[in-house]
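Undergrad: coordinates only, sequence not included:
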């Protein structure tokens with residue numbers, strides 16, 4: 001039960017402290033599953049912000065605009081999917097970085 005709510009907090013932290021909360025949970029948790037989820041959440045945020053920056057630069061030549069839209073939508077939708085999966089106790093990995101961990 002505690003792991004379920006820890007995962008929900010980690011996923012929801014994308015909206016209020018996307019880097020701080022996963023780092024804290026990684027440091028204080030002894031559960032390997034919580035550590036894996038926190039690393040995934042942190043890596044997802046870093047990768048998405050890098051992709052948004054690249055798409056923002058490319059939007060000068062209009063190629064980056066569709067990517068910018070997609071990445072910004074993913075930044076909000078993916079944590080919501082993670083919250084729903086955590087509440088239903090289903091295993092779930094973040095897209096792009098889920099296989100790295």
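TA: In hand now; what should we look at? Keep in mind the model is a prediction, meaning the values are calculated, not measured.
Undergrad: Helices along the chain, start to end?
TA: 2-12, 20-28, 32-58, 64-87 (DSSP state H).
Undergrad: I'd like the distance from the longest one to the chain centre, please.
TA: The one in question is helix 32-58. Helix 32-58 has its C-alpha centroid displaced from the chain centroid by 6 Å (C-alpha atoms, centre = their mean, to the nearest Å).
Undergrad: Same question for the first one.
TA: In terms of C-alpha atoms, centre = their mean, the centre of helix 2-12 is found 12 Å from the chain centre.
Undergrad: Name the residues of it that are buried.
TA: Taking 16 or more other C-beta atoms under 10 Å as the basis for neighbour counts, the residues of helix 2-12 that come out buried are 6, 7, 8, 9, 10, 11, 12. (C-beta placed from N, C-alpha, C; glycine too.)
Undergrad: hmm, back to that, looking at the helices of the chain, which is closest to residue 93?
TA: Between residue 93 and the helices of the chain, the tightest spacing by C-beta to C-beta is seen for helix 32-58, at 6.4 Å.
Undergrad: The closest one versus helix 64-87: what angle between them?
TA: Angle, helix 32-58 to helix 64-87, by axes from the mean of the first three to the mean of the last three C-alpha atoms, to 10 degrees: 170 degrees.
Undergrad: Between helix 2-12 and helix 32-58, find me the angle.
TA: Computed by the same axes, to 10 degrees, the angle between helix 32-58 and helix 2-12 is 10 degrees.
Undergrad: Determine the set of other helices and strands touching helix 32-58.
TA: Contact here means 3 or more C-beta pairs under 8 Å, 6 or more residues apart in numbering; DSSP states H and E; on that basis helix 32-58 packs against helix 2-12, helix 20-28, helix 64-87.
Undergrad: Need the contact partners of the second one.
TA: Around helix 20-28, the neighbours that count as contacts under C-beta atoms under 8 Å, 6 or more residues apart in numbering are 6, 9, 10, 13, 34, 35, 37, 38, 39, 41, 42, 45.
Undergrad: Quick one: end-to-end length of stretch 24-42, please.
TA: This stretch, stretch 24-42, spans 11 Å end to end (C-alpha to C-alpha, to the nearest Å).
Undergrad: Give the buried residues for that stretch.
TA: Along stretch 24-42, these residues count as buried under the neighbour rule (16+ other C-beta under 10 Å): 25, 26, 29, 34, 35, 37, 38, 39, 40, 41, 42.
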